[in-house]
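**Student:** A structural model of the following input is requested.
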Amino acid sequence: MENRNTIIALVLMAVVWFGYNLLFPPAPPVQQEQVPQAGVEQQIPAEAKVSEPAQGSTPVSSADNVQVPDNYSDREIVVDTPLYRAVFSSRGGRLVEFVLKRYRQEADEQSPEVALHQVKDPALGTLALQGSGSLPVSNDAPYVVVDGDDRITLQSGQDGSLVLRHDAGNGLVIDRIFRFQADLYTIDHDIVLRNQGANVAKGSVTFSLVHPWDDSQKGDRYGFVGPATLTAEDLETDAVKALKKESKTYKKPVWSAFETKYFITSAIPLEQAAEKVVLQYSNDQIFNNFVSPYLNLDPGSQISLKYRLYLGPLDFEIIDQVGHQMDKAIDLGFFTPIAEPLRLVLHFFHTYVGNWGLAIILLTVIIKLLFWPLTQKSYKSMREMQKLQPEMQKIREKYRHDREKMNQEMMALYKDKRVNPMGGCLPMLVQIPVFFALYKVLMVDIALRHAPFAFWLTDLSAKDPYYITPIIMGATMFIQQRMTPSSMDPTQAKVFMAMPIVFTFLFLNFPSGLVIYWLVNNILTIGQQYMIKRQYS
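**Tutor:** Now for the predicted structure:
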């Protein structure tokens, strides 16, 4: 307790190390658009097809028999809406392409649109379906289009549907029904199993999200990429590296998905369509396998497994409308109670100024005003501690061989002079959660993706391409240090003086939006310190 400056130095070092590990986690491999090798048949891992509970069936009238023509060839059905373009294959009823029309891969307007899934071989498509037991559903079965054209174009306000049918033999008919709404990223999907045979059909059905994966492709270090599953207990995220060693099973999933920093492909099982989800890695692919309960399908009856799919941006406003707690896919971290109000205020400012950079600056000013009294208190405490340095040095010299006595005398001095040795750093520590909360907001909010500010800063979610703002930010930290009263010994002062250099290097690769916040905050702090210094002078 005798040396408040040692505590400050240790706290700052801890903050730097904590911040570095939080802001620079080990980089996960990031999925990039890729075209897997054609001709490789996809197999849903066997473990995903094990199930035990029973589910009843509903009697229905017999469906029309479906005959696959001898000259059958795969068909592609294109669904075109204002939000996306989806391409389904009649081979397996799979989704082979899903492109988001309102998002591009780069800030350049000529950049290709974001593709959540894009493969050439239908055997590698997502939304795969496979059965077990006496439900012989094959993941590459030929389907016939019984409702819908080869091209379904929906204008705003319209909806449409696609029905694919497959005759699996022994009287088992499978319908895959997809329902689309032009203004939503959600797709309702019904898997209807009809037993027109004479015997009971038993088994389970596995519905799979499939994602090509290539470890050689790297992305940025700031966002989670991989499977995410929400259960009744918690949101679980699994690193691909861990799935390569062993699969992961979650019972009664609310939803399961594959997500990147800004986008997600997810499935929500409805009406207990899935009793568990099995996450697996196999043949350079990641599987979110939704396993149905064990089904007993009586002759002349049917069972429907219902899913709601969401393939789109991790946008707070859009995904919140999906329901089923899909908003939890956007993780604001430990400081969510602080981050969420900051996000709302940031968006509020943007509605008036129309520029996300200006909105960040306005938010920074508000935060600085809120912490203004704490900063003044901190500065006052530092000044008082600086005045005590001569007396503190005498105590150190007098009791340099008796640390316990030294501490007692120091505490007596603080009490006599009514000085709190922690008064200078506590206000600073209070601001740390706000920094990390705002960091998360600026990192995950898709509204900042490709959002320009001014001059060379054309993307606030990306680093400054010329490193100008982080260097200026480091310079302002140095100026701020020179204006701050210091009672440190020479060794501590050297460590403290290195902080601007350390922070400059840390911020070189930070999103420019976050650097703007820190830079403006430093400039405001310098102005505040100047005003306080004049007041004390």
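**Student:** okay, CA-based contacts and neighbour counts for the rest of this
**Tutor:** Will do.
**Student:** Contacts for the helix or strand hosting D175, please.
**Tutor:** Using DSSP states H and E, D175 falls within strand 172-181. Residues from elsewhere that reach strand 172-181 (CA atoms under 8 Å, 6 or more residues apart in numbering): 63, 93, 135, 154, 157-168, 186-197.
**Student:** Now do the domain split for this structure, please.
**Tutor:** Taking automatic domain parsing as the reference, the chain has its domains at 4-24+337-536, 46-331.
**Student:** Remind me which helix or strand V99 belongs to.
**Tutor:** Short version, using DSSP H and E: V99 is in strand 95-104.
**Student:** Mind exporting the C-alpha coordinates of that strand to CSV?
**Tutor:** What follows is strand 95-104, C-alpha atoms only, in CSV (Å, rounded to 0.1, in the frame of the first residue of the first chain):
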residue,chain,number,x,y,z
LEU,A,95,-29.2,-25.9,-51.5
VAL,A,96,-26.1,-25.4,-53.7
GLU,A,97,-26.0,-21.6,-53.7
PHE,A,98,-27.2,-18.8,-51.4
VAL,A,99,-26.0,-15.3,-52.3
LEU,A,100,-26.9,-12.1,-50.3
LYS,A,101,-27.7,-9.3,-52.7
ARG,A,102,-27.2,-6.4,-50.2
TYR,A,103,-23.8,-7.3,-49.0
ARG,A,104,-20.5,-7.5,-50.9
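**Student:** buried stuff in it?
**Tutor:** Buried positions in strand 95-104, judged by neighbour count with 16 or more other CA atoms under 10 Å: L95, V96, E97, F98, V99, L100, K101, Y103, R104.
**Student:** and what of stretch 242-262?
**Tutor:** Residues of stretch 242-262 classed as buried: 243, 247, 249-250, 252-262 (neighbour count, 16+ other CA under 10 Å).
**Student:** Next, V79: phi, psi?
**Tutor:** Main-chain torsions, V79, degrees, to the nearest 10: phi -110, psi 120.
**Student:** what about it, distance to Y439?
**Tutor:** Per CA to CA, to the nearest Å, V79 is found 38 Å from Y439.
**Student:** repeat for A201
**Tutor:** With distances taken as CA to CA, A201 is found 54 Å from Y439.
**Student:** how much distance is there from stretch 253-267 to the middle of the chain?
**Tutor:** Computed by CA atoms, centre = their mean, to the nearest Å, the separation of stretch 253-267 from the middle of its chain amounts to 9 Å.
**Student:** for stretch 80-93, same thing?
**Tutor:** That offset, for stretch 80-93, works out to 25 Å (CA atoms, centre = their mean).
**Student:** Quickly compare the domains of the chain and say which is most buried.
**Tutor:** When you average the neighbours per residue for each of the domains of the chain (mean count of other CA atoms under 10 Å), domain 46-331 leads with a mean of 19.
**Student:** and that domain, average pLDDT?
**Tutor:** Averaged across domain 46-331, pLDDT comes to 87.
**Student:** Go through the protein and flag its longest helix.
**Tutor:** helix 356-387 (DSSP state H).
**Student:** Helix or strand for Q393, just tell me which one.
**Tutor:** Assigned by DSSP H and E, Q393 belongs to helix 389-398.
**Student:** Tell me where the stretch 251-400 of the chain has strands.
**Tutor:** With strands called from DSSP state E, counting those that start in this stretch, the stretch 251-400 of the chain shows them at 255-259, 263-270, 276-282, 285-291, 294-297, 301-313.
**Student:** Dump these to CSV, plus distance to D214.
**Tutor:** Shown next, in CSV, are the strands of the stretch 251-400 of the chain (distance: least, CA to CA, whole Å):
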stretch, distance to D214
strand 255-259, 15
strand 263-270, 18
strand 276-282, 11
strand 285-291, 8
strand 294-297, 34
strand 301-313, 21
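**Student:** And these: which comes nearest T229?
**Tutor:** strand 255-259 (4.2 Å; CA to CA).
**Student:** what does the closest one rub up against?
**Tutor:** When contacts are defined by CA under 8 Å, 6+ apart, strand 255-259 is touched by residues 209, 211, 224-231, 264-269, 277, 288, 324, 326.
**Student:** Which strands border the helix or strand where L116 lies, and is each parallel or antiparallel?
**Tutor:** Per DSSP H and E: L116 is located in strand 113-118. Using DSSP bridges, the strands paired with strand 113-118 are strand 95-104 (antiparallel).
**Student:** tilt between the partner strand and strand 263-270?
**Tutor:** Orientation of strand 95-104 against strand 263-270 (axes from the mean of the first three to the mean of the last three CA atoms, to 10 degrees) gives an angle of 130 degrees.
**Student:** which outside residues touch strand 95-104?
**Tutor:** Under the contact criterion CA under 8 Å, 6+ apart, strand 95-104 has outside partners 82-89, 111-122, 124-127, 312.
**Student:** What angle do strand 301-313 and it make with each other?
**Tutor:** With the same axes, to 10 degrees defining the directions, strand 95-104 sits at 30 degrees from strand 301-313.
**Student:** Run the chain-centre distance for strand 95-104.
**Tutor:** Relative to its chain's centre, strand 95-104 lies at 19 Å (CA atoms, centre = their mean).
**Student:** can you check stretch 93-113 too?
**Tutor:** With CA atoms, centre = their mean as the basis, stretch 93-113 stands 19 Å off its chain's centre.
**Student:** per-residue confidence for N355?
**Tutor:** Reported pLDDT for N355: 95.
**Student:** Same question for the one 5 residues further on.
**Tutor:** At I360 the predicted local distance difference test score is 95.
**Student:** From E409, how far out is it?
**Tutor:** Counting by CA to CA, the gap from I360 to E409 is 47 Å.
**Student:** just V502 next, same as before
**Tutor:** 36 Å.
**Student:** just D298 next, same as before
**Tutor:** To E409, D298 is 87 Å away according to CA to CA.
**Student:** Over to V322?
**Tutor:** 63 Å.
**Student:** N195 too?
**Tutor:** Computed as CA to CA, the N195 to E409 distance reads 89 Å.
**Student:** and if you look at H189?
**Tutor:** 75 Å.
**Student:** Excluding sequence neighbours, find me the nearest residue to S89.
**Tutor:** Excluding its sequence neighbours, the residue lying closest to S89 (CA to CA, 6 or more residues apart in numbering) is E76, at 4.7 Å.
**Student:** Sorry, slip of the keys, the one I care about is L184.
**Tutor:** Sequence neighbours aside, L83 is the residue nearest to L184 in space, at 7.4 Å (criterion: CA to CA, 6+ apart).
**Student:** quick one: contacts for the one you found?
**Tutor:** Counting by CA under 8 Å, 6+ apart, L83 makes contact with L100, K101, R102, A182, D183, L184, Y185.
**Student:** Of all pairs in those residues, which one is the farthest apart?
**Tutor:** Going by CA to CA, the pair spanning the contacts of L83 furthest: R102 and A182, at 13.4 Å.
**Student:** Many thanks, I have nothing further to ask.
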